[in-house]
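Q: just a sequence and a predicted model for now, questions to come.
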Amino acid sequence: MSSQAAHVEPIGIYLTVFGMLIVLTMLTFAVSYAELPGNWSLVAAMTVATIKAMLVGAWFMHLKHDTRFNLMVFLSAFWFMAVFFGFTMTDLTTRGALFEIRDNHALQAEKGEKYATPAVLNEGAHGAEPGAGEGGH
Amino acid sequence: MNLQTESEVAAVPEGGVPDGGVPDPGEDHTHLAMHFHDLDQQKSAAKLGMWIFLAQELLFFSGLFMAYFAFRFLYPDTWLAAHELLDKRMGTLNTVVLLTSSLTMALAVRACQLNDLKSCVRYLWLTIACACGFLVVKYFEYAHKFQLGELPGHHYRFEGITGGAPELFFSLYFMMTGVHGLHVLIGIGIMVWMIFGPIRRGRVSSQQYSLVENVGLYWHLVDLIWIFLFPLLYLVR
């Protein structure tokens, strides 16, 4: 690690970054009044928030001139959050599919039909023959 | 913590061996703790420790954000109705106030780098003023919600929302903004302590400002969290 001789930014840079942050805040405030369809309001707001966060991180928190290692430590938290959010939301949003499969079974059992594997599982079964493409163990 | 005798020992003429076990001369070693090789190492260790703490803070808040997203997914109508009850203008005002405090904090650290401690203290007071302003706005928002009964859990008695589990939104609203507000409060405390403690006693200089720098990082993180809280709670429909 080279000498940490302080990298002093000119005051103008801080004021510029601050100005951009204020403009982005006003932008996201204005956009919130627009009737965006579906999840677009969430996407727009989160995009602006991420840009703001990057400005704060790079300039106010000096990550731009800090060591890569500190940057990695900080970004690792975002990686863990992505894993946390990703898996939890996948669970929440796809849990219904399991109930569909279960109900399908129950219906067939009621009718006295021969137990049949639901179409969803059948599709999966072809691609997952034993030993093929299962390198993850 | 500081080994005062180190400074006398380190009075070696310039041009010594930096990596030969001898502390790098030509620097002020007044603030060098005995278990560090030189000031650079001490500074980078202090900063790395701070970044690890900040990463932990993010993970700590991520649980609340996850709960927000999960219940938003499960009760979209409630979320839409409830977020209309929050005052966007108050939220935007507070965002501007907190961004301003981040600017003044960055300038306080810059003043330290230039060894201008007078400006540093002035900027810190400005930061504290903004932080207090943030809490005052938050107080008015909270008071308004208390009055209407838009409260968490079984205290909830507002009747203006159609859709299931409106108390969940307000549980999360108060928890997220409350824990964030607690961080603001702690930040104010640390800044006041810093002004009357280490800075007044001359423990901070352009050679040794890790303390101010790390408190600055903490403060920017509090700002960073609000940057995400604000759109999620106030703006997103």
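A: All right, it came through fine. Note that this is a predicted model, so its numbers are computed, not measured. Numbers count the residues shown, from 1 in each chain, chains lettered A, B, ... in the order given.
Q: grab the longest helix from the chain for me.
A: Because you didn't say which chain, this covers chain A. Looking across chain A with DSSP state H, the single longest helix is helix A:68-110.
Q: let me rephrase: I mean chain B.
A: Longest helix in chain B, counting residues (DSSP H): helix B:39-74.
Q: buried set for the helix or strand just after that one?
A: Beyond helix B:39-74 on the C-terminal side, the first helix or strand identified by DSSP states H and E is helix B:76-83. By 16 or more other CB atoms under 10 Å in any protein chain shown, the buried positions in helix B:76-83 come out as B:Thr78, B:Trp79, B:Ala81, B:Ala82, B:His83. No exception for glycine: its C-beta is placed from N, CA and C like everyone else's.
Q: repeat for stretch A:45-55
A: Going by neighbour count (16+ other CB under 10 Å), the buried part of stretch A:45-55 is A:Ala45, A:Met46, A:Val48, A:Ala49, A:Ile51, A:Lys52, A:Ala53, A:Leu55.
Q: residues making contact with it?
A: Stretch A:45-55 is contacted by residues A:17, A:20-21, A:24-25, A:27-28, A:31-32, B:224, B:227-228, B:230-232, B:235-236 when judged by CB atoms under 8 Å, 6 or more residues apart in numbering or on different chains.
Q: the one helix or strand B:Gln147 maps to - what's its average pLDDT?
A: Assessed by DSSP H and E, B:Gln147 sits inside helix B:117-148. Helix B:117-148 shows a mean pLDDT of 95.
Q: that helix: how far from the chain's middle?
A: Distance, stretch centre to chain centre, for helix B:117-148: 13 Å (CA atoms, centre = their mean, to the nearest Å).
Q: tell me if the longest helix of chain A is near chain B.
A: Yes. Using CB under 8 Å from any CB of the partner chain, helix A:68-110 comes into contact with chain B via A:69-70, A:73-74, A:76-78, A:80-81, A:84-85, A:88-89, A:92-93.
Q: which of these are buried?
A: A:Asn70, A:Val73, A:Phe74, A:Ala77, A:Met81.
Q: nearest to chain B among those?
A: A:Ala77 (3.7 Å; CB to the nearest CB).
Q: and the closest residue to that closest one other than its chain neighbours, what pLDDT?
A: Nearest-residue entry for A:Ala77: B:Ala55, 3.7 Å, with adjacent residues in sequence omitted and distances by CB to CB, 6 or more residues apart in numbering or on different chains. The per-residue pLDDT reported for B:Ala55 equals 97.
Q: contacts only, for B:Ala55.
A: By CB under 8 Å, 6+ apart, the residues touching B:Ala55 are A:Val73, A:Phe74, A:Ser76, A:Ala77.
Q: and if you look at A:Phe18?
A: Applying CB under 8 Å, 6+ apart, the residues contacting A:Phe18 are B:Leu99, B:Thr100, B:Ser102, B:Leu103.
Q: quick one: which of these has the most company?
A: Counting neighbours by other CB atoms under 10 Å in any protein chain shown, B:Ser102 comes out on top of the contacts of A:Phe18 with 29 neighbours.
Q: can you count the residues close to the closest residue to that residue other than its chain neighbours?
A: Spatial nearest neighbour of B:Ser102, chain neighbours left out: B:Asp223 (4.4 Å); criterion: CB to CB, 6+ apart. By other CB under 10 Å, 26 other residues sit near B:Asp223.
Q: distance of B:Asp223 relative to B:Leu54?
A: The gap separating B:Asp223 from B:Leu54 is 12 Å, by CB to CB, to the nearest Å.
Q: and for A:Met81?
A: Applying CB to CB to A:Met81 and B:Leu54 gives a distance of 13 Å.
Q: one more: A:Thr67?
A: 15 Å.
Q: with B:Leu48 instead?
A: Here B:Leu48 is placed at a distance of 11 Å from B:Leu54 (CB to CB).
Q: mind splitting chain A into its structural domains?
A: What automatic domain parsing lists as the domains of chain A is A:7-66, A:68-126.
Q: does A:Glu9 lie in a helix or a strand, and which?
A: Using DSSP H and E, no helix or strand contains A:Glu9.
Q: do you know the pLDDT at it?
A: pLDDT, A:Glu9: 90.
Q: need the per-residue pLDDT for the residue positioned nearest the centre of chain A.
A: Taking CA atoms, centre = their mean as the criterion, A:Ala82 is the residue nearest the geometric centre of chain A, at 5.0 Å. We have a pLDDT of 96 for A:Ala82.
Q: residues contacting it?
A: The neighbourhood of A:Ala82, defined by CB under 8 Å, 6+ apart, contains no residues.
Q: show me which residues of stretch A:14-34 are buried.
A: For stretch A:14-34, by 16+ other CB under 10 Å, it's A:Tyr14, A:Val17, A:Phe18, A:Leu21, A:Ile22, A:Leu24, A:Thr25, A:Thr28, A:Phe29, A:Val31, A:Ser32.
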